[in-house]
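Visitor: Attaching a predicted model along with its sequence, questions to come.
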Amino acid sequence: MPLEGPARIVSELTNRGYNAEREAVTRIAAADDPQAVLERVIERVPAEALVVSTDHVETVLEANRERGAGDSEPDANAADRASGADSASDTDADASADASTSNPPVSTGAGAEDSPADGDRSPVETKGSRSAADRSVDPEARSLEIRNDMTGQSTGTGEYGDFVSVFRDRLNRLGSKLRGRVNHRPATAIQNMPGGGEVAMVGLVNDVRSTASGHWLIELEDATGTFPWLVMKDREYVDLVDELLCDEVLAMEGTLSDDSGIAFVDSMYFPDVPRTHEPSTADRPVQAALISDVHVGSQEFMADAWNRFADWLHTEAGEAVEYLLIAGDMVEGVGVYPNQDEELDIVDIYEQYEAFSERLKQVPGDLEIVMIPGNHDAVRLAEPQPGFDEELREIMSAHAPRIVSNPSTVTIEGVSVLMYHGVSLDEVIAELPAEKASYDEPHKAMYQLLKKRHVAPQFGGHTRLAPEEKDYLIIDEVPDIFHTGHVHKLGFGKYHNVLAINSGCWQAQTDFQKSVNIDPDSGYAPIVDLDTLDVTVQKFS
Ligand code: D5M
Ligand code: FE
Ligand code: ZN
């Protein structure tokens, strides 16, 4: 394989058991004959070295120069030439270092509520160029902490009792976010209260149906029983009814009918994210790339786009990216959908992960990588999904990724990121009116999950639930960033100051997607500035 780009070089080095400093890779890539330089570097690195350093490379380049090659280039421009050579050639972002110095950074502006993610936002510029001094990454400055990883913690047996426990936990924990806000009573107590009085209840939505006269009847359930609540069609709250999903937790306040058989809703309360939420930010300029749905093994996997992305990460434009978060669907998997095998490039699941691992090796070895599984991955389909098993971890061990459950929360330099693959988004999009959630604006569907403080409220639809003692799908603490994938559409925006990002994918349109008019956003990498939570999108397709 020709060594025409940094990604290939790092991949080659990793295959031979070496990690490498970014600058070392950049310098090899910039040499006249990268393959020869790489071979010589490997011959000359001390046997005990695990990392190929810039000094190792420089020694070889120096020796070449002394041998009077004459045509070898001064190092000062090495990084620029490497970035201009073949990386991300469709983007303007790194066309030249000069351009990025003079242009102000262009942000696609997730600063605004509901910032649209339309086709015009790319290609865009990343931050202005950084001084050479910024180039070297300082692992000491990093911090990464995982919370709510349930890998190895599964207690569920799939028995009826587990369902009782998980829903009780959901009602308790989400209910506690509501109980202080209303003067609530248990369902059975409400039935015995005098008619005509004010009443409130915290419960799970059991059923939503319209009445013959166009009003809405919502049955709420708590630990004691159920009670019916009526939303009159002319009330302002009627607009909220079309957002309701079965099994979400909310509170209602209203007036009891004369016979205490039903209550008329005056107010509805959702667990929600407080409007006053103030996100944490990193205290230095550092970026994270949030991607998902790589689908290696599919005939539609976009190798060229991935190569450009990996190469770009090695350039100066990509050097501030120190974290790579991957929200599921690493591989295409087998037997996920009917007739899927007709579109497989690699039919063996383990070979798919081997191939994915090769893709992972292309990115800089100094990136911190966090991965959760998706519905195409080889773990149980029901959520929460534990992180990959030992055999798969072994296959994907290059660059030592953190492999955690779907969902999990990772806090990087103070910024908490809730990672969830996103299968429930299909449901939210199917159930809600288009202006509230659609494939074109997947981040709005994410807002609904934040409002409900649960990543997969509805049980029994697309999303399969593995009942555990505790409900791992609750959004207990408000994240600073909510990262999902799955629907293969790129979209981001802010909801009560939480940055919601649905990453696109690395798979071109499949026959199925064509048949249902899904037009995927393939080959984009949203990049978040962790110090400002601004987003820029890099296009590689
Ligand atoms: O899902 C990618 C998107 O496409 C997601 O919105 C589900 C949808 N999809 C793709 N294939 C199917 C089939 N066969 N049935 C239903 N929905 C589908 P992903 O998880 O990447 O396949
Ligand atoms: Fe996917
Ligand atoms: Zn998926």
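Guide: Structure's in. What do you need? Ligands and ions are numbered 1, 2, ... in the order given.
Visitor: From here on, just use CA atoms for contacts and neighbour counts.
Guide: Noted.
Visitor: so what's whatever residue of the stretch 351-500 of the chain ends up closest to ligand 1 up against?
Guide: For the stretch 351-500 of the chain, the residue closest to ligand 1 is residue 487, as judged by C-alpha to the nearest ligand atom, at 3.6 Å. Counting by C-alpha atoms under 8 Å, 6 or more residues apart in numbering, residue 487 touches 422-423, 425-426, 439, 442, 504, 520.
Visitor: 10 Å instead, please
Guide: By C-alpha atoms under 10 Å, 6 or more residues apart in numbering, the contact set of residue 487 is 292-293, 421-426, 429, 439-440, 442, 502-505, 518-521.
Visitor: count of residues packed around residue 448?
Guide: By other C-alpha atoms under 10 Å, 24 other residues sit near residue 448.
Visitor: Can you pull the residues of this structure lying near ligand 3?
Guide: Counting by C-alpha under 5 Å from the ion, the chain comes close to ligand 3 at 375, 486.
Visitor: buried ones in the strand ranked longest in the chain?
Guide: Longest strand in the chain, counting residues (DSSP state E): strand 198-210. Applying a neighbour-count criterion of 16 or more other C-alpha atoms under 10 Å, one finds 198-206, 208 buried in strand 198-210.
Visitor: so what strands line up beside it?
Guide: Note on strand 198-210: by DSSP bridges, its sheet partners are strand 216-221 (antiparallel), strand 249-256 (antiparallel).
Visitor: Okay, the residue nearest to residue 437 when sequence neighbours are not counted and residue 245: tell me how far apart.
Guide: The shortest distance from residue 437 to any non-neighbouring residue, by C-alpha to C-alpha, 6 or more residues apart in numbering, is to residue 445 (4.5 Å). Remark: distance between residue 445 and residue 245 (C-alpha to C-alpha, to the nearest Å) = 12 Å.
Visitor: Spit out the residues that contact the two alike.
Guide: 427-428, 432.
Visitor: Take the buried residues of strand 198-210 and write them to CSV, including distance to residue 460 and pLDDT.
Guide: Formatted as CSV, those follow (distance: C-alpha to C-alpha, whole Å; pLDDT from 0 to 100):
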residue, distance to residue 460, pLDDT
198, 34, 97
199, 31, 98
200, 28, 98
201, 24, 98
202, 22, 98
203, 18, 98
204, 15, 98
205, 14, 97
206, 12, 96
208, 15, 97
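Visitor: and ligand 1, which of those contact it?
Guide: Applying C-alpha under 6 Å from any ligand atom to the buried residues of strand 198-210, one finds that nothing falls near ligand 1.
Visitor: which intervals of this protein have sub-threshold pLDDT?
Guide: Within the chain, the segments meeting pLDDT under 70 span 1-4, 47, 68-136.
Visitor: near ligand 2, which residues of it show up?
Guide: Residues of the chain lying close to ligand 2 (C-alpha under 5 Å from the ion) are 293, 486.
Visitor: Residues of the chain that sit close to ligand 1?
Guide: So the chain meets ligand 1 at 337, 375, 426, 486-488, 512-513 (C-alpha under 6 Å from any ligand atom).
Visitor: Can you tell me which of those is nearest ligand 2?
Guide: Using C-alpha to the ion, residue 486 comes nearest to ligand 2 of these, at 4.3 Å.
Visitor: Same question for the closest one, what's its three-state structure.
Guide: With DSSP: H, G, I helix; E, B strand; the rest coil as the basis, residue 486 sits in coil.
Visitor: Redo the residues of the chain next to ligand 1 as TSV? Include distance to residue 403.
Guide: As requested, the residues of the chain next to ligand 1 are exported to TSV (distance: C-alpha to C-alpha, whole Å):
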residue	distance to residue 403
337	25
375	15
426	25
486	18
487	22
488	21
512	30
513	29
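Visitor: which of those count as buried?
Guide: In the residues of the chain next to ligand 1, burial by neighbour count holds for 375, 426, 486-488, counting by 16+ other C-alpha under 10 Å.
Visitor: Look up the closest residue to residue 154, ignoring the ones flanking it.
Guide: Leaving aside its sequence neighbours, residue 154 sits nearest to residue 468 (C-alpha to C-alpha, 6+ apart; 6.6 Å).
Visitor: What of residue 256?
Guide: residue 263 (4.2 Å).
Visitor: where along the stretch 201-350 of the chain do the helices fall?
Guide: In the stretch 201-350 of the chain, the helices defined using DSSP state H, counting those that start in this stretch lie at 238-241, 303-314, 349-361.
Visitor: Give me the helices and strands touching the second one, please.
Guide: Meaning helix 303-314. The contact analysis (3 or more C-alpha pairs under 10 Å, 6 or more residues apart in numbering; DSSP states H and E) places helix 303-314 against helix 6-15, helix 22-30, helix 78-86, strand 321-327, helix 349-361, strand 524-529, strand 535-539.
Visitor: circling back to that earlier point, from residue 425, how far out is the residue of the stretch 351-500 of the chain closest to ligand 1?
Guide: Here residue 487 is placed at a distance of 7 Å from residue 425 (C-alpha to C-alpha).
Visitor: Can you check which residues contact both of these two?
Guide: What both residue 487 and residue 425 touch, as defined by C-alpha under 10 Å, 6+ apart, is the set 439, 442.
Visitor: Let me see the contact set for the closest residue to residue 402 other than its chain neighbours.
Guide: Of all residues not flanking residue 402 in the chain, residue 370 sits nearest, at 4.6 Å (C-alpha to C-alpha, 6+ apart). Neighbouring residues of residue 370 by C-alpha under 10 Å, 6+ apart: 144, 146, 290, 323-327, 400-404, 408, 410, 419.
Visitor: of all these, which two lie farthest apart?
Guide: Comparing every pair within those by C-alpha to C-alpha identifies 400 and 419 as the most remote, at 18.5 Å.
Visitor: what secondary structure does the closest residue to residue 44 other than its chain neighbours sit in?
Guide: Once flanking residues are discounted, residue 44 sits nearest to residue 56: 7.5 Å by C-alpha to C-alpha, 6+ apart. Assigned with three-state DSSP, residue 56 falls in the helix class.
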